[in-house]
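Q: sequence first, then the predicted structure, then my questions.
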Amino acid sequence: MASPQLKNGHTRIANEILEQITKTNLNGTQLRIVMVIWRFTYGFRRKAHELPLAMIAEKVNTTKSHVDRELDCLIDRKIVTVVGIGKRRGRILSFNKNYEEWTEQPVSSPEPELPKKVEKPKKAKKQKYSEDNTYFKMAIYFHGLVSAVAKEAGVEHLIRKANLQSWADDFRKLIEIDGVNKYLAKDVMDWVTKDDFWKTNVLSAKKLREKFGELAIKMNAAKKPVMPMREVIKDSRDKDIAFTKWIESGGDPDAFDWS
């Protein structure tokens, strides 16, 4: 027979939060995700924790794609906040206890019955990138480099709420639309976050794409060895002309400087 005991561990949650969450329109999966976040944050007396999709999916007994969709909804509604990327490349999540910032889930109103009409083509939904996607991995890699630069410069607040889905989409456009080679993109990422001038001026994937051509040119120029200046070859006739002028001006031939 199960016999849970508080002494074996418990999660402290303010009653005000519990009362508010019961009034909030959440589906079953969304509520279970919130409870997982509580378990690994409040349950360990911390405000945030790295929670990869695979880990959440295991805890709520569903698929990663299902968790990804419902978690995005919680983030869009400002119930859950992404505060960064962890060591395992999963998102660091935090529960937003300021429920006044939460937004309601949009409810579509029923359409009135009308005569048959030509339906307008639906707009394509914005592409979502999973944690296994190449462009999402590029976003995570560049975000890690930029985070180190921002921390060193004391401007961490500029990238704290970076949208990695948007970053991944910028990298997709860079590769698929602009035709940039992935290896060149990585070289520029590495270089720009080390360059004294550009490292604090390029703090997002969007900015990297906008300036990519200029950055690639400057990177290649910086890598080329500087050719030493050629020594000026002196013409021996110059001394002969100078000696002639020295004599014509009444100078002593033995006192002329031939060096």
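A: The structure has been received and is ready for your questions. Residues are numbered from 1 along each chain as shown.
Q: quickly find the element holding the residue most central in space within the chain.
A: Residue closest to the average C-alpha location in the chain (CA atoms, centre = their mean): His143, at 3.3 Å. Take DSSP states H and E as the rule and His143 turns out to sit in helix 134-153.
Q: over to Asp187?
A: helix 182-192.
Q: quick check on Gly84: phi, psi?
A: Phi and psi for Gly84, reported as degrees, to the nearest 10, are phi 160, psi -170.
Q: for it, list the residues it contacts.
A: Taking CB atoms under 8 Å, 6 or more residues apart in numbering, we find Gly84 in contact with 48, 91-92, 147, 160. To be clear about C-beta, it is placed using only N, CA and C from the backbone, and glycine gets the same treatment.
Q: need the max-distance pair from those residues.
A: By the measure CB to CB, Ala48 and Ser147 form the most distant pair in the contacts of Gly84, at 15.1 Å.
Q: state the distance from the residue nearest to Leu31 when sequence neighbours are not counted to Val202.
A: Closest residue in space to Leu31, ignoring its immediate chain neighbours: Ile21 at 7.6 Å, by CB to CB, 6 or more residues apart in numbering. According to CB to CB, to the nearest Å, Ile21 stands 40 Å off from Val202.
Q: so for stretch 159-175, what's the average pLDDT?
A: For stretch 159-175, mean pLDDT is 89.
Q: how far is it from where the chain is centred?
A: Distance, stretch centre to chain centre, for stretch 159-175: 6 Å (CA atoms, centre = their mean, to the nearest Å).
Q: cool, and stretch 183-199?
A: Put simply, stretch 183-199 sits 14 Å off its chain's centre (CA atoms, centre = their mean).
Q: follow-up on the earlier one: which of the contacts of Gly84 lies closest to Thr63?
A: Nearest to Thr63 out of the contacts of Gly84 is Arg91 (CB to CB; 17.3 Å).
Q: end-to-end on stretch 154-166?
A: 24 Å (CA to CA, to the nearest Å).
Q: quick one: buried residues of it?
A: Using 16 or more other CB atoms under 10 Å as the test for burial, stretch 154-166 gives 159, 162, 164-165.
Q: starting at the chain centroid, how far to it?
A: Distance of stretch 154-166 from its chain centroid, counting by CA atoms, centre = their mean, is 7 Å.
Q: show residues contacting it.
A: By CB under 8 Å, 6+ apart, the list of residues contacting stretch 154-166 reads 82-85, 91, 126, 128-129, 136, 139-140, 143, 146-147, 150, 200, 203-206.
Q: and those residues, which are buried?
A: Neighbour-count burial (16+ other CB under 10 Å) applied to the contacts of stretch 154-166 gives 82, 84-85, 91, 129, 136, 139-140, 143, 146-147, 150, 200, 203-206.
Q: what are the ranges of the helices in the stretch 101-250 of the chain?
A: 134-153, 164-172, 182-192, 205-210, 212-223, 237-248 (DSSP state H, counting those that start in this stretch).
Q: packing partners of the last one?
A: So the one you mean is helix 237-248. Applying 3 or more CB pairs under 8 Å, 6 or more residues apart in numbering; DSSP states H and E, we find helix 237-248 packed against no helix or strand.
Q: next: the fifth one.
A: If you count contacts as 3+ CB pairs under 8 Å, 6+ apart, helix 212-223 packs onto helix 182-192.
Q: pull the helix it packs on out as CSV, backbone CA atoms only.
A: What follows is helix 182-192, C-alpha atoms only, in CSV (Å, rounded to 0.1, in the frame of the first residue of the first chain):
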residue,chain,number,x,y,z
LYS,A,182,27.0,25.8,-42.9
TYR,A,183,30.7,25.5,-42.2
LEU,A,184,31.3,29.1,-43.3
ALA,A,185,28.4,30.1,-41.0
LYS,A,186,30.1,28.4,-38.1
ASP,A,187,33.5,30.0,-38.9
VAL,A,188,31.8,33.5,-38.9
MET,A,189,30.0,32.7,-35.7
ASP,A,190,33.3,31.8,-34.0
TRP,A,191,35.1,34.8,-35.4
VAL,A,192,32.5,37.5,-34.7
